[in-house]
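[1] okay, sequence plus prediction incoming.
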Amino acid sequence: MTYALLSIVFLLIAASVLAVALATARDRARLVRRWWGPVAVAAAAILVLTAVFDNLMIGAGFMTYDGARISGVRLGLVPLEDFAYPIAGLLLLPALWLLTRRRGSGS
């Protein structure tokens, strides 16, 4: 299995959970309006931190990748597939919050 295929699976699961969470939220329009800015800022921060620290860890030899299992597209030393996990987390965390919040809380 390639890292790209594994990344796609994680992204699809996270996106599906978010879709279910938004579909069941009565106040989804308000949530999307309120969340798009903070989520964009968090995405930028997470992607920059992933790029910096993954480059450092790969450069130090803490992580290695089988060249036959990656797409070959890299940002510095980091395979493009490495960015899927932080994005999946960024989708999954608000989804889980939505699914577990109390219905009468209004937040």
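    Yep, that arrived. It should be emphasised that the depicted structure is a prediction, and the values quoted were computed from it without experimental measurement.

[2] which residue lies nearest the spatial centre of this protein?
    With distances taken as CA atoms, centre = their mean, I87 lies nearest the centre of the chain, 1.5 Å away.

[3] I'd say that one and A44 touch.
    No: I87 lies out of contact with A44 (CB atoms under 8 Å); the separation is 11.5 Å. (Glycine included, C-beta is placed from N, CA and C.)

[4] state the phi and psi torsions of V73.
    Backbone torsions for V73, taken as degrees, to the nearest 10, come to phi -80, psi 130.

[5] from P86, how far off is M1?
    20 Å (CB to CB, to the nearest Å).

[6] higher neighbour count, the two?
    Neighbours were counted for M1 and for P86 using other CB atoms under 10 Å; P86 has more, 18 against 7.

[7] which helix or strand contains that one?
    Under the criterion of DSSP states H and E, P86 resides in helix 84-100.

[8] only the C-alpha atoms, please, for that helix, written as CSV.
    C-alpha atoms of helix 84-100 as CSV (Å, rounded to 0.1, in the frame of the first residue of the first chain):
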residue,chain,number,x,y,z
ALA,A,84,-2.7,14.6,4.8
TYR,A,85,-2.6,13.6,8.5
PRO,A,86,-2.7,17.2,9.9
ILE,A,87,-5.5,18.1,7.5
ALA,A,88,-7.4,15.0,8.5
GLY,A,89,-7.0,16.1,12.2
LEU,A,90,-8.1,19.6,11.3
LEU,A,91,-11.3,18.1,9.8
LEU,A,92,-11.9,15.5,12.5
LEU,A,93,-11.5,17.6,15.6
PRO,A,94,-14.4,20.0,14.9
ALA,A,95,-16.5,17.1,13.6
LEU,A,96,-16.0,15.2,16.9
TRP,A,97,-16.8,18.4,18.9
LEU,A,98,-20.0,18.8,16.9
LEU,A,99,-21.0,15.2,17.4
THR,A,100,-20.4,15.2,21.1
